[in-house]
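Trainee: Okay, sequence plus prediction incoming.
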Amino acid sequence: MTIFRNEIRTGLLVVVTLATLVCLLLYLGAPGVFVAQKKFRIYLDNASSLAPGAPVLLAGRRIGQVMELHSPVPEKERPAPGLETLVDIQVDSSAKIFNKVKARMTLPSLLGKPVIDFTTGEESSGLAPENTAFVGEREPGLSDAVPTLLEKLDPALKKATETFDSLQKTAANLSELTKENSDLPKALAEFKKFTAHLNELTAPDGSLRGSLDNIKHLTGEDGKLAESLNHISQLTAPESDLAKLMAHMERFTGKLAENKDIDATLHNLRTATENLDRQFKSISSKLTATAENLKEGSNTLKHQPWRLIWPTTKKYPEDNLTQGEHAQSGKSDVGVASEPKSTRRPLFRFHAAPR
């Protein structure tokens, strides 16, 4: 009898323990069995790492858990084309979730699991009824930070690559410029020569310094340029000789303008010049004939000098002309005596004495 009682007690203890364990599991795994719950839906673009049983928070306080995830959602049921995931959640019926509220999937810690958190609700919008669908926001995590960072760094990396390429080309160009027998060493050598010549020119005893000294002496207060300018100023002064000469010239031209005998004088001068021109023309014709005779005589003396002693042997065309032909030839000029028809006599004739 005692053994039977002990077995009954043991069985009851086991049953009570199992019942308590089942109730605890039901309370933890299915809180709706013992506490009234409400269901809501949240649309997300990506529910990565979110699993059923994940906590649902209201301003940081746990009010429920994630029940189920649906992905991908048919396009006709999506509130927006990019919202491919539907999350079913169950929360305490006493939780105050308003119609206007932000539902975010966030990470409470760096290595923690993602949770659903309702924040910044507007009380004036009223409490949201059960099965209300919210459009959720997903805070970028570490997995999203790397692509975002790479996306932002990509332009900088491209620019850095282009900069390195340009630096490489610049280095190649510099090596080409600075190699032996290139243009840069030659230019530097020429510049060195130029600086040497410039130092020679600008030395204390250089030509440039001498030229500057000469210019200084020339343009100084006692220089030749100052003296020349002083002389010019003295020459053009109101009481200078040039001013007096200009005044005399002005008075003289004034008197000439007032004199009425200038026209008669000019007329007489014009008449005298015309007479002189006629006389010069008459004299020039005579001088021309004389020059021709002298030319002919010098030519005869040059080629036939024996005509000074012996009778002439030179014949002239006019010697053979008749009197009428000689008259028609018209070669006799005014003021020039015509030559006789007979043969010209020698300029000198010597008679030999008889032996």
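Mentor: Cool, got the structure. Just so it is clear, the structure is predicted and the values come from calculations on it, not from any experiment.
Trainee: tell me the contacts of residue 83?
Mentor: 43, 44, 45, 73, 135 (Cβ atoms under 8 Å, 6 or more residues apart in numbering). C-betas here are computed from N, CA, C, even on glycine.
Trainee: and with 6 Å instead?
Mentor: By Cβ atoms under 6 Å, 6 or more residues apart in numbering, the contact set of residue 83 is 43, 45.
Trainee: Next, work out how far apart it and residue 25 are.
Mentor: 34 Å (Cβ to Cβ, to the nearest Å).
Trainee: Neighbours of residue 137, how many?
Mentor: Residue 137: 14 surrounding residues under other Cβ atoms under 10 Å.
Trainee: Relative to residue 257, how far out is it?
Mentor: 113 Å.
Trainee: now residue 131
Mentor: From residue 131 to residue 257 the distance is 129 Å (Cβ to Cβ).
Trainee: Leaving out chain neighbours, which residue sits closest to residue 201?
Mentor: In space, and not counting its chain neighbours, residue 201 is closest to residue 208: 4.2 Å by Cβ to Cβ, 6 or more residues apart in numbering.
Trainee: Wait, the one you found touches residue 198, no?
Mentor: No: Residue 208 lies out of contact with residue 198 (Cβ atoms under 6 Å); the separation is 8.8 Å.
Trainee: mind checking which helix or strand residue 197 is in?
Mentor: For residue 197, the element it lies in under DSSP states H and E is helix 183-201.
Trainee: send the alpha carbons of that helix over as CSV?
Mentor: Output of helix 183-201 as CSV, limited to C-alpha atoms (Å, rounded to 0.1, in the frame of the first residue of the first chain):
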residue,chain,number,x,y,z
ASP,A,183,67.0,69.3,-74.9
LEU,A,184,66.9,70.1,-71.2
PRO,A,185,70.7,69.6,-70.5
LYS,A,186,71.5,71.6,-73.6
ALA,A,187,69.1,74.3,-72.5
LEU,A,188,70.6,74.4,-69.1
ALA,A,189,74.1,74.6,-70.6
GLU,A,190,73.0,77.5,-72.8
PHE,A,191,71.4,79.2,-69.8
LYS,A,192,74.6,78.8,-67.9
LYS,A,193,76.5,80.5,-70.8
PHE,A,194,73.9,83.2,-70.9
THR,A,195,74.3,83.9,-67.1
ALA,A,196,78.1,84.0,-67.5
HIS,A,197,77.7,86.6,-70.3
LEU,A,198,75.2,88.4,-68.2
ASN,A,199,77.6,88.5,-65.3
GLU,A,200,80.3,89.8,-67.6
LEU,A,201,78.0,92.5,-68.9
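Trainee: Report all helices and strands that the helix or strand following it contacts.
Mentor: From helix 183-201 onward toward the C-terminus, using DSSP H and E, the following helix or strand is helix 207-219. In this structure, helix 207-219 packs against helix 224-235, with contacts taken as 3 or more Cβ pairs under 6 Å, 6 or more residues apart in numbering; DSSP states H and E.
Trainee: who does the helix or strand following the helix it packs on touch, helix- and strand-wise?
Mentor: Scanning forward in sequence from helix 224-235 by DSSP H and E, the next helix or strand is helix 241-258. Applying 3+ Cβ pairs under 6 Å, 6+ apart, we find helix 241-258 packed against no helix or strand.
Trainee: and helix 241-258, how far from the chain's centre?
Mentor: Its chain's C-alpha centre lies 64 Å from the corresponding centre of helix 241-258 when counted by Cα atoms, centre = their mean, to the nearest Å.
Trainee: Show the residue spans covered by the strands in this structure.
Mentor: Assigned by DSSP state E, the strands in the chain fall at 37-44, 55-58, 61-70, 85-92, 102-106, 115-119, 133-135, 137-138.
Trainee: which one of these has the lowest average pLDDT?
Mentor: When the strands of the chain are compared on mean pLDDT, strand 137-138 scores lowest, with a mean of 88.
Trainee: strands paired with that strand, and their directions?
Mentor: The strands beside strand 137-138 in its sheet (DSSP bridges) come out as strand 102-106 (parallel).
Trainee: Setting aside sequence neighbours, what's the nearest residue to residue 148?
Mentor: Closest to residue 148 by Cβ to Cβ, 6+ apart is residue 140, at 6.7 Å.
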